[in-house]
Each structure stands twice: as structure tokens, then as C-alpha cells.
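Peer 1: what follows is a predicted protein model with its sequence.
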Amino acid sequence: MSVVTTYRAAAVLLFAGVLTGCASSSQKDIADDGYYSQNMPTLADSASSSMSAGQSLAAADNYLTDPTGAIRDALMDEHERWAGTPYRLGGTSFNGIDCSALVQNVFSEAFQVELPRTTSRQVNTGVAISRTELEPGDLVFFRPPGNRHVGIYVGDGRFMHASSSRGVMISKLNNSYWSRYYWQARRPVEPTQLSLRQLAYGSSYGG
């Protein structure tokens, strides 16, 4: 049985079960208020409890053939939870959080994926990818003088992170500050696998 067939079968079962059951930053950073605060339909909103096996199979196929949509939705739900949380070096909660702790928390809550706690360890997680290969769920790293910073790519040239000046927010990769200090990107989990994990274990805090 191929890997895709295995994932496809697992996705059908998981889908049916769901149906029933850091660094300083520039003050010129752009959050694009409102752009990412739109309410997006969740799985529960868009699926009927009476969905047939064929419909479940089609939905599972969507997660496999175009996984980035589900990942992006999950990341936007996490952004809604954390947006505006102040930056605090060493912080891990809504009282204050640093960049690597935000990454760790988001992956744990949205995908049940446990990433290392520190930026220095996260930068060795998964596989290295080029900037042109970025997909939602990839990690982006920056290296300002004397510091390291990490965020989560959410699509459309933007990433979620804990900014020391404005707290948890979404910024543009081509912002003059972040573009200058862009370092590298890593893919901790392949998009198809991440999408299926979100389907199976997605956070109950979203929406």
C-alpha cells in the first residue's frame, strides 16, 4: 500500500471520527490589521453530521491534495488566540511569550506536534527549504545582530511571530527590517502530514 493510499485511508477514518465526535523588531512592522482576523469556517461549521462515506472520502482527499488550506486555517485560529499577547523573554503563556515558545505552543495546540523549546534547537528541526518553497506551517528564521528570531509562515508572504515591540502579530517577510535579517527556513513536518494531524488533533480553541 502506498504512502498516499495509507494517508487517504487514515484521513477518512479520522474525518468520520471528527464528524461524530527572540529578537527586537522594527516599529515599522506591518500587521495588516483585519486582513487575518476574518472568521474562517471550521471543519465543524462546514461539515454536516450526516455526511456520506463518499463525501467523507472527498473531504479527506482535499486534505491530501491541497493540505495548505487546512494548515492556514489552523494557524489563523491560533493567531486569534494569541494576537496581542505581549513579548516576554522566557515567557510561555498569555501573560507574556517569546518567539520560540509561541512556535512551540502553536504546533502543540493546533497539530499535536512537539517542537523544541529554543530557537537554537528549532533551527535544526525538519529539513531546510528555500524561501521560494515556503508553505503555511514552515518556520522562518531571522538573525539580527546578536539575536535569533523565529516565526511561522502563514502564506501570502507573511508570518506569525512574537514581536518584542508589539507582541504576537503577523508581519510581512518583505518588511524592510525582516527582509534585511532573513536567515533561513525549515519545514518541521511535511504539509500533507501536518494537515492530517490538524484534522485528527486540531485545537478546540479555534474560531
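Peer 2: Here it is on my side, so go on.
Peer 1: which residue ranges form the strands in the chain?
Peer 2: 92-93, 96-97, 127-129, 139-142, 149-155, 158-163, 167-172, 182-187 (DSSP state E).
Peer 1: dump those into a markdown table; add mean neighbour count, mean pLDDT and distance to residue 198 as well.
Peer 2: Every residue, glycine included, has its C-beta placed from N, CA and C. Putting the strands of the chain into a markdown table (neighbours: other CB atoms under 10 Å; pLDDT from 0 to 100; distance: least, CB to CB, whole Å) gives the following:
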| stretch | mean neighbour count | mean pLDDT | distance to residue 198 |
| --- | --- | --- | --- |
| strand 92-93 | 12 | 97 | 22 |
| strand 96-97 | 20 | 98 | 21 |
| strand 127-129 | 13 | 98 | 20 |
| strand 139-142 | 23 | 98 | 16 |
| strand 149-155 | 24 | 97 | 13 |
| strand 158-163 | 26 | 98 | 15 |
| strand 167-172 | 22 | 98 | 19 |
| strand 182-187 | 17 | 98 | 15 |
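Peer 1: contact partners for residue 182?
Peer 2: 131, 140-142, 173 (CB atoms under 8 Å, 6 or more residues apart in numbering).
Peer 1: go on, residue 152?
Peer 2: For residue 152, the set of contacting residues under the criterion of CB under 8 Å, 6+ apart consists of 75, 102-103, 106, 137-140, 159-161.
Peer 1: I'd like to know which helix or strand in this structure has the lowest mean pLDDT.
Peer 2: Across the helices and strands of the chain, mean confidence by mean pLDDT, DSSP states H and E is lowest for helix 43-46: a mean of 38.
Peer 1: okay if I get the strands of the chain as TSV plus distance to residue 121?
Peer 2: Converted to TSV, the strands of the chain look like this (distance: least, CB to CB, whole Å):
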stretch	distance to residue 121
strand 92-93	15
strand 96-97	17
strand 127-129	15
strand 139-142	11
strand 149-155	10
strand 158-163	17
strand 167-172	21
strand 182-187	11
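Peer 1: so for residue 196, which of the ones you listed sits nearest?
Peer 2: Comparing those by their distance to residue 196 (CB to CB), the top pick is strand 182-187, with 15.4 Å.
Peer 1: and the angle from that closest one to strand 158-163?
Peer 2: 110 degrees (axes from the mean of the first three to the mean of the last three CA atoms, to 10 degrees).
Peer 1: when you give positions from now on, start the count at 48
Peer 2: Will do, 48 is the new start, and the previous item becomes strand 229-234.
Peer 1: strand partners (parallel or antiparallel) of strand 229-234?
Peer 2: On the basis of DSSP bridges, the sheet neighbours of strand 229-234 come out as strand 174-176 (antiparallel), strand 186-189 (antiparallel).
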